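**Q** how would this look folded up:
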Amino acid sequence: RTGDAKPREMTAPTPARIPAGSRTESPNPAVAPASTGLQESDQDFERRTTAQAGIPASSNAAPGGASPDGPLEAINLYNRLLTEYPNYKNSDQVLYQMARAFDELGRTDEAVETMERLIRTNPHSSHLDEVQFRRGEYFFTRRRFRDAEAAYSGIVSLGPTSEYHELALYKLGWTLYKQEFYEEALQKYIALLDYKVSIGYDFDQTHDEDNDRRVADTFRVISLSFSNLGGPETLPEYFSKFGKRSYEDRIYAGLGEHYLGKLRYDDAAKTYKAFVALYPFHRAAPRFSMRVVDTFTKGGFPKLVLESKREFASKYNLKAEYWRHFKPEESPEVLAYLKTNLKDLATHYHAEYQNANDAHEKLTNYHEAIQWYGTYLESFPKEADSASVNYRLADLLLENKDFGKAAKEYERSAYGYTQHSQSAAAGYAAIYAYREQLRVCLLYTS
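**A** The predicted structure is shown next:
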């Protein structure tokens, strides 16, 4: 330019138009979609898990070397043996076999009477735990829960040496649950999980089918118990009262999914949020925050989706405190979610800026969009789409007539990345923005 010559006119670059409407509900690969298959209802779950357990017959042979041909003959033989030898040292085996013979005939009440006789006369019998478990099952299926509770408790008191220890804890929990003693039931389920931890059970690994099914069922009935106790607020109260557990995250996750399955979106979100509030630097904390977003998305609450996305982006952007405890590269799914989240937020507020009529509202949306564009570029400066995000940031600045800042961002988009489809357009837009900035300066100085 020479003398007072004016800059040559340039055609304004066409900024990207952000479509109207919410951009906070885009699908995210970091959140596993909910199962679309038919899930077991609570009623079917309860029927299955409280059904009478099949118990294999003892391998002990008939006492005294006798080999009766049928259950009736066996019962007569055992009765005669006990009558003739009232102090027979193996009377517990006789009574045990007699109870099984009654069972085989379908004479269940007489079988239980025989088992109770065994317990009275042989309190230290090697058959005690199995007999108590059979009694517990008998009473449970007849809804005699107090009697079932006593039977299962008799096994639990024997400790882990009994092969029925885990199953008895589980069914004892159910007897308390059926009596609406939910906190007491929880103590038994937690005791079962504690025992699994004590013997080295890894919840992240696959074990035999029966073992894994029982653990999964235990977590589910724990969710039912907490739900019956009153919901999300009861979890922190329970673990504060009875002690923290290493597997709490699984319990919070289970209860959240339980509520989500019932379409109780607010309770689901409260459950996930409660965990994050208690354990903000737990490795699983970001996934709980992701589930909050996903919950409100499923429920169709766009304002809550936006709010929860802003909260997630604030807590887990790469400058946040959380990443002082963990390496970002070890959580690729969280980073993937963060990327999508930041772009959604920036795009949403950019669109709101373009559509706003009120000056204050427009300015608020402008600053929000600037913040989230900037956070994305700060967190992911070398991603494949960073250049296009940078270009949209420059567009926003240009739309708001921040010509100097727009020019710098267009230059950054044009020359700060490997060549991309918008490189030439960004270079042209940078020159245009500088010209407009110069025009503004000339107006102020003239």
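
**Q** tell me the helices in the stretch 51-200 of the chain, going along the chain?
**A** In the stretch 51-200 of the chain, the helices defined using DSSP state H, counting those that start in this stretch lie at 71-84, 91-105, 108-121, 128-141, 145-156, 165-178, 182-198.

**Q** export the second one as PDB, just CAs?
**A** Same thing as helix 91-105. The C-alpha trace of helix 91-105 is given here as PDB (Å, rounded to 0.1, in the frame of the first residue of the first chain):
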ATOM      1  CA  SER A  91     -26.200 -93.500  63.800                       C
ATOM      2  CA  ASP A  92     -25.800 -90.200  62.000                       C
ATOM      3  CA  GLN A  93     -25.000 -92.100  58.800                       C
ATOM      4  CA  VAL A  94     -28.100 -94.300  59.400                       C
ATOM      5  CA  LEU A  95     -30.300 -91.300  59.900                       C
ATOM      6  CA  TYR A  96     -28.800 -89.500  56.900                       C
ATOM      7  CA  GLN A  97     -29.500 -92.500  54.600                       C
ATOM      8  CA  MET A  98     -33.000 -92.900  56.100                       C
ATOM      9  CA  ALA A  99     -33.800 -89.200  55.300                       C
ATOM     10  CA  ARG A 100     -32.600 -89.700  51.700                       C
ATOM     11  CA  ALA A 101     -34.800 -92.800  51.400                       C
ATOM     12  CA  PHE A 102     -37.800 -90.800  52.600                       C
ATOM     13  CA  ASP A 103     -36.900 -88.100  50.000                       C
ATOM     14  CA  GLU A 104     -36.800 -90.700  47.300                       C
ATOM     15  CA  LEU A 105     -40.300 -91.800  48.200                       C
END
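
**Q** Rebuild the helices of the stretch 51-200 of the chain as a markdown table, extending it with mean neighbour count, mean pLDDT and distance to Leu398.
**A** Any C-beta I mention is one placed from the backbone N, CA and C, and that applies to glycine too. Formatted as a markdown table, the helices of the stretch 51-200 of the chain follow (neighbours: other C-beta atoms under 10 Å; pLDDT from 0 to 100; distance: least, C-beta to C-beta, whole Å):
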| stretch | mean neighbour count | mean pLDDT | distance to Leu398 |
| --- | --- | --- | --- |
| helix 71-84 | 16 | 89 | 93 |
| helix 91-105 | 22 | 91 | 85 |
| helix 108-121 | 17 | 94 | 84 |
| helix 128-141 | 22 | 95 | 73 |
| helix 145-156 | 21 | 97 | 72 |
| helix 165-178 | 23 | 97 | 64 |
| helix 182-198 | 19 | 97 | 58 |
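
**Q** Take these and lay them out in a markdown table including distance to Lys405.
**A** Below are these laid out as a markdown table (distance: least, C-beta to C-beta, whole Å):
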| stretch | distance to Lys405 |
| --- | --- |
| helix 71-84 | 92 |
| helix 91-105 | 85 |
| helix 108-121 | 84 |
| helix 128-141 | 72 |
| helix 145-156 | 70 |
| helix 165-178 | 63 |
| helix 182-198 | 56 |
